[in-house]
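Asks: Okay, predicted coordinates and the sequence, questions at the end:
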Amino acid sequence: MNEQHNQTGIRRKWRRGLDTLAGSLVVWIIFLLFLAPYLYLIVWSFKYPGDIQAYPPRFFSPFTLLNYKQVFEDVNISFYLRNSTIVATVTTLLSVLLALPAAYSFARFRFWGQDWLAYLLIAIMVAPLIALVYPFLVMANQLGLNDSHLGLILFYLPWNVPFAVWMLRTFISDVPQELEESAQADGCTRLGAFGRITAPLLLPGFFTTGIFIFIGAWNEFVIAFFLTSTKARTLPTTIDFFLTYGSFQFAPMFAAGVVGTLPIAVCALLVRRYYLAGTTAGALKG
C-alpha cells in the first residue's frame, strides 16, 4: 500500500515538473517571438547596407559602426534626442502635477457627477489623434506654437493628464485614509497630512505613472510629425530622413531606431520593478 502511494506521489511530481517545463517553454517562445524584431534591429544596425539588402541575407558578414557614425554626424540625431527628452520630460512632470489634485479628489471625496466625470476622462483618452491633427494645427498657427516645444507639450497634456488621474487615483486609494485622519487629529491640516504622510508613500506611484507618460510622449509620432518641422522635431519623426525616392536607407534607419529605443528599453526595465512596488506600497506601508 505504501509502495503504491509512493509511486503515485512520484508520478504527481513528474507531472508537475513536466507542466512547469511546458509552461516555461511556452513563455520563452512567446518572449523570443516578441523580442526577435528588436534583436534583428540591433544586429543589422551594425551591418553594411549591401549586406542588409542582399539575398539571401548575409548573417555572418562583418560588423561596422559606420551607420551610427552617419546618424550622429550626417543626420545630427543628438539634436532630435534632445528635443524628445525636453518634450517627454516636461510633459511627464506637468501631467503628474496637474493630475494629482484631481486624483486625490476622486480617491478621497464623493461629489455629484463623479462617475460621469471619470467616464469623460476615459473618453478623452481614447480619442484618435489623427482626427484632431487639423484642429491642433490650426490652433498652433493661431497661437504661434507651431514647431515649438511648448506647443507639443500643451497638445500632449489632454491625453496624459487623464491617464495620470486614473493611475494616481488607484495609488492614493491604496493608502489608508486613517493615516491622514490620525495626522489631522494631531494638528496637521489636510494638505499637511498629505505632504507628510501620503506623498512619501506615493513615490512608487509617481515614478510608475511618470514612466508610462514619458514612454508615450517619447514615442508619439502623429502630432509631432504635423506640428513640427525643424526646431522642435522629435526623434520618431526623423524616419522620413531615411526614405528616398524609390529606396530605403535601412542601415542608418536601424541605427537610429536603436538609439531612439534605448531610453525606452531602460524605462521598461524600471517599470517592471517600480510598478510592482507601487501597486503594493499601500498595503505594505498601511
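Replies: Alright, I've got the coordinates. Residues are numbered from 1 along each chain as shown.
Asks: Helices along this structure, start to end?
Replies: Remark: helices assigned in the chain by DSSP state H are 2-44, 49-52, 66-73, 77-108, 114-125, 133-143, 149-174, 177-185, 190-193, 199-201, 203-219, 222-227, 250-285.
Asks: Kindly reformat the ones you listed as CSV containing mean pLDDT and distance to Pro236.
Replies: (Each C-beta comes from the backbone N, C-alpha and C, glycine too.) Shown next, in CSV, are the helices of the chain (pLDDT from 0 to 100; distance: least, C-beta to C-beta, whole Å):
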stretch, mean pLDDT, distance to Pro236
helix 2-44, 75, 14
helix 49-52, 81, 21
helix 66-73, 89, 14
helix 77-108, 92, 8
helix 114-125, 80, 20
helix 133-143, 87, 15
helix 149-174, 90, 12
helix 177-185, 81, 42
helix 190-193, 82, 39
helix 199-201, 85, 34
helix 203-219, 88, 6
helix 222-227, 89, 6
helix 250-285, 70, 7
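Asks: What spatial separation is found between Asp147 and Asn83?
Replies: 11 Å (C-beta to C-beta, to the nearest Å).
Asks: Tell me which of those two has more neighbours.
Replies: The neighbour comparison of Asp147 against Asn83 (other C-beta atoms under 10 Å) goes to Asn83, with 20 against 15.
Asks: Just list the residues touching the spatially closest residue to that one that is not a sequence neighbour, thanks.
Replies: Nearest non-adjacent residue to Asn83, counting by C-beta to C-beta, 6 or more residues apart in numbering: Thr234, 5.1 Å away. Thr234 makes contacts with Tyr80, Asn83, Ser84, Val87, Leu152, Trp218, Glu220, Ala224, Thr228, as judged by C-beta atoms under 8 Å, 6 or more residues apart in numbering.
Asks: do Phe206 as well
Replies: Phe206 sits next to Val96, Leu168 when contact means C-beta under 8 Å, 6+ apart.
Asks: Please report the distance of it from Ala217.
Replies: Counting by C-beta to C-beta, the gap from Phe206 to Ala217 is 16 Å.
Asks: Repeat that for Tyr55.
Replies: The value you get for Tyr55 to Ala217, if C-beta to C-beta is used, is 39 Å.
Asks: When the two are compared, which one has more neighbours?
Replies: Neighbour count, other C-beta under 10 Å: between Tyr55 and Ala217, Ala217 has more, with 24 against 5.
Asks: isn't that one right up against Thr91?
Replies: Yes. Using C-beta atoms under 8 Å, Ala217 is in contact with Thr91, at 4.4 Å.
Asks: residues shared between the contacts of those two?
Replies: Common neighbours of Ala217 and Thr91 (C-beta under 8 Å, 6+ apart) are Tyr156, Asn160.
Asks: need the contact list for Glu220.
Replies: By C-beta under 8 Å, 6+ apart, the contact set of Glu220 is Leu129, Tyr156, Thr234, Pro236.
Asks: Ramachandran coordinates for it?
Replies: Dihedral pair for Glu220: phi -60, psi 130, per degrees, to the nearest 10.
Asks: tell me the pLDDT at it?
Replies: At Glu220, the model reports a pLDDT of 90.
Asks: hang on, the earlier thing: same list (the contacts of Thr234) but as TSV, adding distance to Ile172.
Replies: Output for the contacts of Thr234, formatted as TSV (distance: C-beta to C-beta, whole Å):
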residue	distance to Ile172
Tyr80	36
Asn83	33
Ser84	30
Val87	27
Leu152	29
Trp218	26
Glu220	27
Ala224	32
Thr228	35
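Asks: Appreciated, that's everything.
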